[in-house]
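quick check, what structure comes out for this input:
(2 chains)
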There are 2 protein chains.
Amino acid sequence: MYDFELDRIVEEVKRVKAGKVALQLPEGLKPHALSLARKIEEEVNCQAYVLSDPCYGACDIALQEAKTLGVDLLIHFGHSQLLSVDLPTLYVESTVKLPVKEAVEKALPLLKGDRVGIATLIQHWRACEEARQVLEDAGKKVLIGPPRGRLKRPGQIIGCDYSTAKDVANEAESFLFLGGGMIHPVGLRLVTGKPVVAADPFKGEAVEVEAYAKKVMAARVSDIAEASKARVFGVVVGLKFGQYRPKLIEKVVDMIRAEGRKVFLIASREVTPSLELNFPEVEAFVITACPLIPLFDYEAYRKPILTPQEAMLSFKSGWSIEDYDPFEGF
Amino acid sequence: MYDFELDRIVEEVKRVKAGKVALQLPEGLKPHALSLARKIEEEVNCQAYVLSDPCYGACDIALQEAKTLGVDLLIHFGHSQLLSVDLPTLYVESTVKLPVKEAVEKALPLLKGDRVGIATLIQHWRACEEARQVLEDAGKKVLIGPPRGRLKRPGQIIGCDYSTAKDVANEAESFLFLGGGMIHPVGLRLVTGKPVVAADPFKGEAVEVEAYAKKVMAARVSDIAEASKARVFGVVVGLKFGQYRPKLIEKVVDMIRAEGRKVFLIASREVTPSLELNFPEVEAFVITACPLIPLFDYEAYRKPILTPQEAMLSFKSGWSIEDYDPFEGF
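Okay, the predicted model is just below:
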């Protein structure tokens, strides 16, 4: 189902004459890791290390790990390049070979208006044209934002960057999200303010994300309100290579101190609810590592857990939902 | 209860003129982290980062994390120095100020023989003399091994090194372990072969560890037997600074390949049961990161999970319990 581009991998391993390579895959692709390692080792005389720690995105690239192992090539699956890294790295998009027609046809009656934006993950970008065809055959005008900045493919979004969608959001009356899961289509809904239908090629199904987005939004408003009363904040500093944001951290710390609240700096590779157990003095946590943690993990925490912008809003009165952008600063 | 030596910390922060420091504490001490950070920041004009990821020993020192944050001093609590590191680091033993008499008196009737070795953790090393007194008053001959190698204090043991105890094991008829938890006294029992009584100063109680050690040993024998049939091994490479052991890994890999079994190299910072989920082809895991994982986490795994020496034994017939040393190679 996935195109792991084994020929291109083998060619690159040979080209850089790698004696050791490391394979990094996001959680959903990990069960394919060992068979890929075996195939690479069979084709080239090299040692393949499979990295087993969680990988949540291209920001979470295993640069330190690859250096510890002394590998000559890091092969990163499932994401496009996001950061410049000082180690030979091959990005394997791992696109999905699946027809999307069924899911998109099911999405059709749910889509609002005649001008529809398409947003998708790197795995499905090749299927955008197939989706466009289905929508155009039904008389829709299709809008797909061109690649820009960190987003390497037309219509591509990532967890904290929806700029290809923002580019067409004014014109679009609704969005079709092509891919699995609820995290990205909810992000799309929050950022664009437009109705979103998620078409899942794996399941051949489509759903409106409005109810889920409303639930997330209600929780965020509640966390923001609760944090407004907190006297002790824990600013969580992400220690992963692409999640450490010193400028954002400084801004957040200064902002909270300016409000006369106490700030503790808590540095972490993995952000988990053990924060609450280990640091009981903290009344609200601000996560500078990844905005998806407050947005989608909040149910695991009893105390408010905020993005930097949410922390800022917690000190403001009279902010409106139009001001809300959980990805500001990332 | 703990002696965090705040004066010594403040002195050192001033001495190195640190603008930024990082505090690393093992799990049991983490709830003290923020109050320590606050006190340091009150005494010296500096920024204190508290590190929140799990810390399981002095091998697990947050060198990469401290470098990412650009701190001038890493303050590591709860362990003595184990490794040489290229960053100014202050080790704070975090000794416990607690009378141990009650626990040791309760241990007395459980101790076998008249020659008793004492083994303890760094937190309790100062209490060894108090324990010695209680035992000597009861007519025992007390044996405490001198510091050696990685073990900086008399009688000190760590999770993977019991050499101070081994030094007196021939002469001792039994051991008194001074400290909390079952991990270290069971390790002591397995390594020395002598009966061990654990005296816990926090609870003021004492227990024989024999039943627990037998349960662990039975599980280890079972995992070793099951692994002997495995055709596919996953050798888990520890990525933490003090847990990466290239020579041991090479030895293990060569040994397994020489038996005609398939080996996959799986590199990991945190070793968790997600290994089984993510790498279903693997029939037995060998952990080169930390021997305590197979010894004490085995119940969380359905497949055999072994130390390197256990993997070696799985290929041998007719090995006896005297050959068993789970800490070999660490």
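
quick one: contacts of the longest helix anywhere in chain A?
For chain A, the longest helix by residue count, based on DSSP state H, is helix A:210-227. By C-beta atoms under 8 Å, 6 or more residues apart in numbering or on different chains, the residues outside helix A:210-227 that reach it are A:182, A:186, A:189-190, A:195-196, A:233, A:283-284, A:294-296, A:298-299, A:303-306, A:310-311, A:313-314, A:321, A:324, A:326. The C-beta positions use only the backbone N, C-alpha and C, and glycine is treated the same way.

weed out the non-buried ones from the residues you listed.
A:182, A:186, A:189-190, A:195-196, A:233, A:283-284, A:294-296, A:298, A:303-306, A:310-311, A:313-314, A:324, A:326 (16 or more other C-beta atoms under 10 Å in any protein chain shown).

of these, which are in range of chain B?
Checking those against chain B by C-beta under 8 Å from any C-beta of the partner chain, not one of them is in range.

contact residues of chain A facing chain B?
Within chain A, the positions near chain B by C-beta under 8 Å from any C-beta are A:22, A:27, A:30-31, A:33-35, A:37-38, A:47-54, A:64-65, A:68-69, A:236-237, A:239, A:244, A:264-270, A:274-275, A:277-282.

can I get the buried part of those residues as one ChimeraX selection?
This is the ChimeraX syntax for the buried subset of the residues of chain A next to chain B, where burial follows 16+ other C-beta under 10 Å:
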select /A:22,30,33,34,37,47,48,49,50,51,52,53,54,64,65,68,69,236,237,239,244,264,265,266,267,268,269,270,275,278,279,282
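
which of the residues of chain A next to chain B fall within helices?
A:33-35, A:37-38, A:64-65, A:68-69, A:274-275, A:277-278.

and the helices in the stretch 51-200 of chain A?
A:63-69, A:101-107, A:128-137, A:163-169, A:183-192 (DSSP state H, counting those that start in this stretch).

so of the ones you listed, which one's packed in deepest?
Mean neighbour count (mean count of other C-beta atoms under 10 Å in any protein chain shown) peaks for helix A:183-192 among the helices of the stretch 51-200 of chain A, with a mean of 23.

for the stretch 1-150 of chain A, what spans make up the strands?
Using DSSP state E, counting those that start in this stretch, the strands of the stretch 1-150 of chain A run over A:2-3, A:20-24, A:47-51, A:73-77, A:89-92, A:95-96, A:115-120, A:141-143.

and the angle from the third one to strand A:20-24?
What that stands for is strand A:47-51. 20 degrees (axes from the mean of the first three to the mean of the last three C-alpha atoms, to 10 degrees).

other SSEs contacting strand A:47-51?
Applying 3 or more C-beta pairs under 8 Å, 6 or more residues apart in numbering or on different chains; DSSP states H and E, one finds that strand A:47-51 contacts strand A:20-24, helix A:33-43, strand B:262-268.

between those, which gets nearest to A:I122?
strand A:20-24 (14.8 Å; C-beta to C-beta).

was I right about A:F4 contacting A:H32?
Yes - taking contacts as C-beta atoms under 8 Å, A:F4 lies within contact range of A:H32: 7.0 Å.

which of the two has more residues huddled nearby?
Between A:F4 and A:H32, A:F4 has the larger neighbour count (other C-beta atoms under 10 Å in any protein chain shown), namely 20 against 17.

so what does the more buried one have for phi and psi?
Note on A:F4: its backbone torsions stand at phi -90, psi 0 [degrees, to the nearest 10].

just the pLDDT for it.
pLDDT, A:F4: 98.

list the contacts for it?
With C-beta under 8 Å, 6+ apart, A:F4 has these contacts: A:H32, A:L36, A:F77, A:V92, A:S94.

same deal with A:F177?
A:A119, A:T120, A:H184, A:P185, A:L188, A:V196, A:V197, A:A198, A:A199, A:V209.

ok now do A:K141, which residues does it touch?
So A:K141 contacts A:D114, A:R115, A:V116 (C-beta under 8 Å, 6+ apart).

most surrounded residue in these?
Counting by other C-beta under 10 Å, top hit in these: A:V116 with 27 neighbours.

that one and A:V168 touch, don't they?
No - counting by C-beta under 8 Å, A:V116 does not reach A:V168; the two are 9.6 Å apart.

identify the contacts common to the two.
A:L143.

ok, back up a step: can you redo the helices and strands packed on strand A:47-51 as TSV with mean pLDDT?
Compiled in TSV, the helices and strands packed on strand A:47-51 are given as follows (pLDDT from 0 to 100):
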stretch	mean pLDDT
strand A:20-24	98
helix A:33-43	98
strand B:262-268	98
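
got a markdown table for these, with distance to B:D161 too?
Below are those laid out as a markdown table (distance: least, C-beta to C-beta, whole Å):
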| stretch | distance to B:D161 |
| --- | --- |
| strand A:20-24 | 30 |
| helix A:33-43 | 33 |
| strand B:262-268 | 22 |
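
out of those, nearest to A:V252?
strand A:20-24 (29.1 Å).

and the nearest residue to A:D167 once chain neighbours are set aside, how far from B:L275?
Counting by C-beta to C-beta, 6 or more residues apart in numbering or on different chains, A:D167 lies nearest to A:G145, which is 3.9 Å off, once chain neighbours are set aside. Noted for A:G145: a distance of 40 Å to B:L275, by C-beta to C-beta, to the nearest Å.

same deal with A:E171?
Relative to B:L275, and taking C-beta to C-beta, A:E171 is found at 48 Å.

please apply the same query to A:K240.
20 Å.

for A:I305, same thing?
28 Å.

got it, and A:R302?
30 Å.

repeat that for A:I9.
24 Å.

repeat that for A:G318.
A:G318 is 51 Å from B:L275, by C-beta to C-beta.

ok, now A:T120?
32 Å.

what do you get for A:G155?
Distance from A:G155 to B:L275, by C-beta to C-beta: 36 Å.

and for A:I61?
From A:I61 to B:L275 the distance is 21 Å (C-beta to C-beta).
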